[in-house]
Every structure is written in structure tokens, then in C-alpha cells.
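J.: requesting a structural model of the entry that follows:
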Amino acid sequence: MQNYSSLQENHDQEEQGILFHVAEPTRSKWNHIEDLDSFFSRMYKYHQKHGFVCMLLQEIFELNQFIFVVFLTAYLIHGIDYQLLFGYTPGPGRKLTLGDVIYPIDKWLDNFTGLTWFILIIAAAVFLLKFLTRCYQIIYFWDIKQFYNTALNIKDSDLDNLTWHEIQTRIKLVQLEQQMCIHKRELTELDIYHRILRQENYLVAMVNKHLLPPRMHIPFLGEVVYWTKGLRYNMQSLLFWSPWSPFENPWHLREEYKRQNLRTELAQQLGRQILWLALINLILAPIIFIWQILYTMFSYGEVIKREPGQMGTRCWSTYSKMYLRHFNELDHELHSRLTRAYLPASQYLSAFSSPVVTVVAQYVGFLCGSLFTVIVALTIYDEDVIGVEHVLTLMTGVGGMTAICRGLIPDETVVWCPEQLLQCVVMHTHYLPSGWRGQAHTSKIREEFQQLFQMRVVAVLEDLLSPILTPYLMWRWVYPRSLEIVDFFRNFTVSVVGVGDVCSFAQMDIKKNGNPEWHTDSLLPQTESIPDQYTQAEDGKIELSLVHFTTTNPSWVPPPEAVQFVESVQDEVEPLFDNVDDRNMFASFANLVSSSTTSAERKKSIRTKSIFVEDPSSGNALGLGAPRQSVWMAEGPSVMGPLNMRSSAIALHDRHYRQAAKHTRSMEETTPLLTPKNTSSLGPKH
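T.: Model prediction:
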């Protein structure tokens, strides 16, 4: 270990008889932090979660919520006299009260069965594990609080006034003083991102190379992409967290995984671990499934009762948050992009309507609406009608069905422009598979886009089925790909000084992992240095990630070839700003979205989704500035960064379209026997 502070000793023979007292240098507790991955990740989470008090309250409330769900469920099953409540047994001769139908504690406990006690014991064990884990995390976050308050000189009350970029700048300065990382004197923005996003970059790369997520063929639905939080947790446990994972520690891949001659043996070993994990999931599936049902019921019950139409709104799927994520993109940066893309994505899918569904919705909506009107009229005439058995239930049901059917009927007064709407989506998501260009109006593209932007009810059903499907998919999808996973970690891992082993794609090296079809002719490397398709990232992931990272971190100094590439993109973007006012240019796309919906629908879409979205016609929705209350969500130091990235994404896709067309024409000219159908298969796979 290199020591950056030392004491100079004086050995002057003339002063041997004089005693000198030299104080030892102050060695900070932040010097040489061994696990910088966890440290920087906790720092980022501490900033995004608004400080220690908010995090402490959240942990306490989550524990109390667990206790509440278990207690409420047990009382609903064994603590209520349903025979008396529903009138199946004679009452006390007066109006029932809660005390009449709720058993006292002693009788409630007497009603417990052996199965109930068994489930409660398991719940108590889970709670104890959660409690110890939360206490362990709180201790570490108290340490992070001390670092913010002392080393960075930032109070918790100031966190919401600082962007992550400003926090990151202070971290770089503290590194020069405290030497948190002893392997290099200065930390770059990319070093910090590598530490925080090491595992995330690997997962994004596995999605890009089609190792994840699992895909199932379901009758009448076709191919379905399935990726839930539960499945993701299992994959992270398998690949990163468990003692048998490919990683020896958070920053170092085991040496045997870097040796090609051990690939078969390692694949067999990984396969056994996958099967064991699938078996554990299968054993725990009933308990987890029951918990999922209870949690979903308590979370969405009131929402469904109050406004059933909310379950028909859309949200970005868990898969989309992996597919659309750039390499080295933090959570708040991705969240901001998807937030801005919400309205145009909603309007794009609203442009499609099925004539059959429309006819059925009109018919069912008429029937339910008529029944609802009759019940309301009778209630107005005599309020005692509402007390008739099942009248309130019927009223709620037909009212909800009417709202759902009304949402399925398209607005005949609106003119839709699918191509422009999809382009408006791409301005924020940055990704456009080549097969989508010019085909935005087709049902095939709509179905593919729905995998990314799904109905909320579909997301809820996927989470409910996760305990059942996870062990099956671990066995049928992940297990057969054990060898591919081993090869992936060996082929796409590089060692970086001061950081450790990272995914090679996260280096954003356009020379080694870039796709020539995303470069201009002047930037194309020599033929012998062009990477093969296996080592290339797909969908322009490297190129788009590089431009995004340089936009959000303008002080980062990339390699010369990366600088040249980014400058070439900026050269293509500049004419857009020279000829058209940038605000008006992007406002025109926003106005297209705004004109595609009524004011009521726009307010409803803003109100019902779980993420903050402003009116797309406002400057903030265009990324021209972050809302005051969301400074901590800002992307980079400049408010123009997101706008610049949008124009760069469009320019890059135009470049790719031109280069791919040129490549296809070249193949046809050099190989005239190939038909267009055959040459299309030679292009990039998406």
C-alpha cells in the first residue's frame, strides 16, 4: 500500500541530545476505503433519498407496514364474526357495532390453527431478518451522513438544493485530500459511475446481447418478454451477491472465469447453482405468492374502488428500464428521460384502435351506463335504495365498467400521426430499432412497443405470477444458457486501474465495441480493426451511451477517438440549431402530442401515473430546466444537456439509417445474386 503522507526524521548528530515531539499526521477515517462500490452507491442513494432522517423514517415505516399486513390478514381470517356481520345468525336486537363482530384478543388467538401459527413463525423470522438488515444499513448510512457533513461539508437540509453532479465534483476534491482510493490520485466521473453501476452495466449488456430477459411463447399472445423485480433479484443473487457467484468480491471477477480452458467446468458449476436457486424459489413460491396477493390487494384495492380506470393506464415496464438504459446512466437520469417520454408514448399507443374492441366497448358501455343511470335515478328519488343488498356493489361495478369502456373508444375528432409521435418518443428514449423506422403505423411495431410501455394491470399480473414463473424460467431459460453466461463474463470483462473489473461495454470504447454503421465514413476504422458482430454492442448502445455520458458529464475527458466521434455528432446537430430555434423545434413535437389529446385526458394522464410529468408544452417538460422541487433529479450541470442529447440521438439514428442503406447497396452491388430479402439478413440484428 502506498503511503502518501510521511514524516521526515532528523538524524543530525549535533542534536542527538535534544528531544523533539512531532505530532503524527491526522489520518482521516476516509483514507483507503476498501469497498468503494458500496460506499459510492450509498452516497448516491443517500442523496437521492433526501438524507438520513427520510431514510430512517422510510425503513421504520416499511417494517411497520410488514407487521401491519401480517396482523391485519390474521385478524381478517380469525378475528371477525362473519356469520353475525352478514346476518346469517341472529343479532343482539339492536344496530350492530364493531365490538359485536370483532373478537377480543384471547378469542382471536384461540381461533388460530396450526397452519396459522406456522405462517406467523415464518413471518416473524422474515421480520427479524428485515429488522437486522435495516439496522445494519442504518449504521452504514450514519457513516455516510458523517461523510457528507464533515468531508463534503454538506448538511442534510442542503441536499435537495444540490445536484448529483455538484456532489460528484466535491467527491473528486475530497479524493485529492483524503485519498479514498489509493490506487490512483485523481478520480474521474467515469470511475465513480463504474463503482456505482458495475452490476447494472453488466445486466444492461446482457440485455443488449439477448442473454436476458427470458422470453416465452404464449398461445394467442405470441412471444412475451418476462422480466420482474423478483426475477431480477434472483439473477443478481446468482451473478453478484451469493458466495458462489462469478465475482470474488464486488470489484473482482474470479480468476477462473477469465480462463477459457475452464469454461465447461464453470458452466456445469453455474448450472448446478441455477438449479438449486430454482428449487429454493419453488419451495418458497407458496409463501411468496400469498404475500404478493396480500400486498397487491392492500396496495391497489382502494385505487380500483375509487378510480378503476387507473389500472388501464400505462407505465414503463421493468424490461424497458433495462433495454432503454444507457451504459453508465444513473437511476435519476433514466427516470427523467422516461418521465419526459411518458406523454408521447401514451399518445402513440392511443393512436391505435381495434374496430372490434371499439364496437364491443360501445355496446358494453351502453348497457353498463344505462344500469348506472337507473340506479342513480332511483337513489335520488329514494335514498333507501342504496341500502338494498348488493345495490352499492352493482353500482360500483357498472360504473367502473362504463369508465373502462369509455377509455377504449377512440376520439373521432383527433388526427393521429404515428410516425411523428414515435419520433417524439425516441427524442427522449434515444433508441429506435431499425425495423421500426417507417413502420410506426403497423400493429407489429405497436406490439413490440407495448413490451416496453405496458398496461399497469399487466405489470401487476406479472408481479403476481413472479413467484410461480421464476423457478420455471430459471430452469427452462437461464439454466440452458450457463455456458453463454460464462463466456459473456470472460469476453466482456476488462480490468481498470483504481476501479477493478468492469463490463467492457461500460468503457464506451467505440473502436473495440462500436458498430461501424453508426459512424461516418471518415471515422470508420481500418477493415482489419473493425470489431466482429459478437463484440459489437447492438442498437447503437455504445455510441448513444458515449454521447449521453459526455453530455451529462462535460468535464470528463474521453479518449481521442471518442472526442472525434462526439465532435462529429455535434457537427451534424449544429445546423439544426442554426436554422431553427431550438425551443420552437422541440416545442413543435410537444405541441403535436398536446394537440392529440384533450385537456381533461392530459390532466388525467398526468395525475394517474406514478412519476412526475409536466405539461409537454411547458419548458420543463421539454427538458429546458428542472423543476425547482426536483433539483436533485437534474441531469448534469447544464439545463440544455437533455435538449442537446435529444438532437444528438435523432442525428445518430439518421446517420445509422444512411450508413445501413449504403451498406445494403454495397452488398447488392458486390454480390448481385443476393436478393434484397437475403441482403436484409446481413444487416445489424436488433
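J.: with just CA atoms, put stretch 648-667 into PDB.
T.: Provided in PDB are the C-alpha atoms of stretch 648-667 (Å, rounded to 0.1, in the frame of the first residue of the first chain):
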ATOM      1  CA  SER A 648     -27.900  14.100 -30.900                       C
ATOM      2  CA  ALA A 649     -30.000  10.900 -30.700                       C
ATOM      3  CA  ILE A 650     -32.000  11.900 -33.700                       C
ATOM      4  CA  ALA A 651     -28.900  12.800 -35.700                       C
ATOM      5  CA  LEU A 652     -27.300   9.500 -34.800                       C
ATOM      6  CA  HIS A 653     -30.300   7.500 -35.900                       C
ATOM      7  CA  ASP A 654     -30.400   9.400 -39.200                       C
ATOM      8  CA  ARG A 655     -26.700   8.600 -39.600                       C
ATOM      9  CA  HIS A 656     -27.300   4.900 -38.900                       C
ATOM     10  CA  TYR A 657     -30.100   4.800 -41.400                       C
ATOM     11  CA  ARG A 658     -27.900   6.300 -44.100                       C
ATOM     12  CA  GLN A 659     -25.000   4.100 -43.400                       C
ATOM     13  CA  ALA A 660     -27.100   0.900 -43.200                       C
ATOM     14  CA  ALA A 661     -28.700   1.800 -46.600                       C
ATOM     15  CA  LYS A 662     -25.300   2.400 -48.100                       C
ATOM     16  CA  HIS A 663     -24.100  -1.000 -46.700                       C
ATOM     17  CA  THR A 664     -27.100  -2.800 -48.200                       C
ATOM     18  CA  ARG A 665     -26.500  -1.200 -51.600                       C
ATOM     19  CA  SER A 666     -22.800  -2.100 -51.400                       C
ATOM     20  CA  MET A 667     -23.700  -5.700 -50.700                       C
END
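J.: my guess is L203 meets K209, correct?
T.: No - L203 is beyond contact range of K209, at 11.0 Å (criterion: CB atoms under 8 Å). The way it works is simple: take the backbone N, C-alpha and C, and place the C-beta from them, glycine included.
J.: quick one: which of the two has more around it?
T.: Neighbour count, other CB atoms under 10 Å: between L203 and K209, L203 has more, with 21 against 18.
J.: so who does that one touch?
T.: L212, R232, M235, Q236, M322 (CB atoms under 8 Å, 6 or more residues apart in numbering).
J.: what's the closest non-adjacent residue to the second one?
T.: On the basis of CB to CB, 6 or more residues apart in numbering, the spatially nearest residue to R232 that is not a chain neighbour turns out to be T318, at 6.9 Å.
J.: so how far is K229 from the spatially most central residue of the chain?
T.: Centroid check for the chain by CA atoms, centre = their mean gives K321 as the closest residue, at 3.9 Å. Applying CB to CB, to the nearest Å, the value for K321 to K229 is 10 Å.
J.: with I542 instead?
T.: 27 Å.
J.: also S237?
T.: Computed with CB to CB, the distance linking S237 and K229 is 13 Å.
J.: if we can go back for a sec, isn't the residue nearest to the centre of the chain up against R337?
T.: No - using CB under 8 Å, K321 makes no contact with R337, being 10.3 Å away.
J.: what helices or strands is the host helix or strand of K444 leaning on?
T.: Assigned by DSSP states H and E, K444 falls within helix 443-450. Counting contacts by 3 or more CB pairs under 8 Å, 6 or more residues apart in numbering; DSSP states H and E, helix 443-450 is packed against helix 331-350.
J.: and the angle from the helix it packs on to helix 443-450?
T.: Using axes from the mean of the first three to the mean of the last three CA atoms, to 10 degrees, the inter-axis angle of helix 331-350 relative to helix 443-450 is 150 degrees.
J.: returning to that earlier point: and S237 and K229? Which one has more around it.
T.: S237 (14 against 11).
J.: quick one: the strands in the chain?
T.: Secondary structure of the chain (DSSP state E): strands at 215-218, 222-225, 247-249, 252-253, 314-316, 453-455, 493-496, 500-503.
J.: out of these, nearest to Y381?
T.: strand 453-455 (38.5 Å; CB to CB).
J.: what's that closest one packed up against?
T.: Strand 453-455 packs on strand 314-316, helix 331-350, going by 3+ CB pairs under 8 Å, 6+ apart.
J.: go ahead and name everything in contact with the first one.
T.: Counting by CB under 8 Å, 6+ apart, strand 314-316 makes contact with 324, 338, 342, 345-346, 349, 452-456, 459, 609-610, all of which sit outside it.
J.: closest one to P531 out of those residues, please.
T.: L324 (23.3 Å).
J.: pull the contacting residues for the nearest residue to that closest one once chain neighbours are set aside.
T.: With CB to CB, 6+ apart as the criterion, L324 has its nearest non-adjacent residue at 5.1 Å, and that residue is T429. T429 sits next to L324, R337, L338, A341, A345 when contact means CB under 8 Å, 6+ apart.
J.: pipe these into a markdown table and attach neighbour count, distance to V425 and pLDDT per row.
T.: Putting the contacts of T429 into a markdown table (neighbours: other CB atoms under 10 Å; distance: CB to CB, whole Å; pLDDT from 0 to 100) gives the following:
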| residue | neighbour count | distance to V425 | pLDDT |
| --- | --- | --- | --- |
| L324 | 22 | 10 | 97 |
| R337 | 24 | 11 | 95 |
| L338 | 22 | 10 | 96 |
| A341 | 24 | 5 | 95 |
| A345 | 25 | 5 | 94 |
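J.: quick one on the thing from earlier: so the residue nearest to R232 touches T228, yeah?
T.: Yes - look at T318 against T228 with CB under 8 Å: they come within range, at 5.9 Å.
J.: just for the stretch 551-686 of the chain, where's the confidence low?
T.: Within the stretch 551-686 of the chain, the ranges that satisfy pLDDT under 70 run 576-632, 663-686.
J.: again, only this time at 80
T.: 574-641, 662-686 (pLDDT under 80).
J.: which elements pack onto the longest helix along the chain?
T.: Longest helix of the chain, by residue count under DSSP state H: helix 263-306. Using 3+ CB pairs under 8 Å, 6+ apart as the contact test, the elements touching helix 263-306 are helix 52-78, helix 229-236, helix 456-473, helix 482-491.
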